[in-house]
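In: Need coordinates for the below:
(one chain, ligands or ions: 1)
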Amino acid sequence: MAGPTPPQPWQVWGYLIYWVVAEEMHILNLAVHPQQRRRGIARCLLSTAMSQARELGAQVAWLEVRPSNTQALALYRSFGFKKVGTRPRYYDDTQEDALLLAYYWEEGDDSDQ
Ligand SMILES: CC(C)(COP(=O)(O)OP(=O)(O)OC[C@H]1O[C@@H](n2cnc3c(N)ncnc32)[C@H](O)[C@@H]1OP(=O)(O)O)[C@@H](O)C(=O)NCCC(=O)NCCS
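Out: Numbers count the residues shown, from 1 in each chain. Down below sits the predicted model:
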């Protein structure tokens, strides 16, 4: 049966960068190779990173996203992220505002998405 071409050792299909400081997770960047999208890679990366951050003691996760980025917004909303504010002219290239999204873990909420 034919399936997706397996990645070569030198191919990066996606990455997520985050840090955890003082019970706060900050998601700095997330991207998936254009030819490998809609296969659940971002969902897997985000789920893994949030589980790791929770184990490190995170109580809240923050991220910034462009209002025009409907794909990323759909992903984050499906994880339960909510808009909590905006950062005016956050993006240098377009002077676009950023939406500030947050996810607050609740007690006993350690399940994967
Ligand atoms: C946003 C991005 C990371 C999603 O990566 P992906 O691996 O294709 O996402 P997944 O396959 O894991 O999809 C997870 C969910 O994201 C949303 N989503 C992803 N692509 C979408 C699209 N083209 N249209 C609508 N929703 C989309 C959906 O809710 C999807 O869930 P579903 O497949 O059950 O409907 C990817 O499009 C990307 O790298 N974009 C450019 C970089 C970027 O914008 N990064 C985010 C910066 S904040």
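
In: quick one, phi/psi of Val20?
Out: Main-chain dihedrals, Val20, degrees, to the nearest 10: phi -130, psi 120.

In: and it, what are its bridge partners?
Out: Val20 has these beta-bridge partners by DSSP bridges: Met25.

In: from memory it sits against Gln59, does it?
Out: No - with contacts counted by C-beta atoms under 8 Å, Val20 stays clear of Gln59, the gap being 10.1 Å. No exception for glycine: its C-beta is placed from N, CA and C like everyone else's.

In: Compare neighbour counts for the two and give me the winner.
Out: Val20 (17 against 14; other C-beta atoms under 10 Å).

In: mind checking how far the more buried one is from Arg77?
Out: 22 Å (C-beta to C-beta, to the nearest Å).

In: Quick check, central residue of the protein?
Out: With distances taken as C-alpha atoms, centre = their mean, the residue of the chain nearest its centroid is Leu46 (5.0 Å).

In: Which elements pack onto the strand or helix carrying that one?
Out: Here Leu46, judged by DSSP states H and E, is contained in helix 41-55. The contact analysis (3 or more C-beta pairs under 8 Å, 6 or more residues apart in numbering; DSSP states H and E) places helix 41-55 against strand 14-21, strand 24-32, helix 70-78.

In: Throw these into a markdown table and include mean pLDDT and distance to Ala53, thanks.
Out: Listed next are these as a markdown table, based on pLDDT from 0 to 100; distance: least, C-beta to C-beta, whole Å:
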| stretch | mean pLDDT | distance to Ala53 |
| --- | --- | --- |
| strand 14-21 | 97 | 5 |
| strand 24-32 | 98 | 4 |
| helix 70-78 | 98 | 15 |
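
In: Out of the ones you listed, which is the most enclosed?
Out: Ranked by mean neighbour count, those are led by strand 24-32 with a mean of 17 (mean count of other C-beta atoms under 10 Å).

In: is it true that Gln59 touches Trp105?
Out: Yes - using C-beta under 8 Å, Gln59 makes contact with Trp105 at a distance of 5.8 Å.

In: State the three-state secondary structure for Gly108.
Out: coil (DSSP: H, G, I helix; E, B strand; the rest coil).
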